[in-house]
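# whatever this is, show me its structure:
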Amino acid sequence: MRDPDAFQSRGIVLSKLGDDRVIVAMPNGHHAVGVVPKKSKFKLSEVKVGDKIAIFFSPADMARGTIVNG
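Here you go, the predicted structure:
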């Protein structure tokens, strides 16, 4: 179950860091690392630099988020 205080935001992919992580620029200027969960059907190989993606953040760690969809 997800934390009720967590939130989802959209950002633009700046660069890829391997097969499961990307650097994302948020609308407020914040940069975050987006990761793909192992059980996700989302394929990060389809994402290119400059694409908009949705990220789910926990209030405990705003520097790392889970990629929800492309």
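
# what about the protein, any weak spots by pLDDT?
Within the chain, the stretches with pLDDT under 70 are 1-2, 70.

# go with 80
1-5, 19, 38-45, 69-70 (pLDDT under 80).

# how about the strands of it, start to end?
For the chain, the strands defined by DSSP state E occupy 7-16, 21-25, 31-35, 52-58, 61-69.

# around the nearest residue to Pro59 once chain neighbours are set aside, how many other residues sit close by?
Among residues not flanking Pro59 along the chain, Asp5 sits closest, at 4.7 Å (Cβ to Cβ, 6 or more residues apart in numbering). Where you see a C-beta, it was placed from the backbone N, CA and C, and this is true even at glycine. Per other Cβ atoms under 10 Å, the neighbour tally for Asp5 reads 9.

# so Asp5 versus Ala60, what's the distance?
Distance, Asp5 to Ala60, by Cβ to Cβ, to the nearest Å: 9 Å.

# specify the beta-bridge partners of the most centrally placed residue in the chain.
Central residue of the chain (Cα atoms, centre = their mean): Gly34, 3.2 Å from the mean position. Here Gly34 sits in beta bridges with Val22, Gly65, as judged by DSSP bridges.
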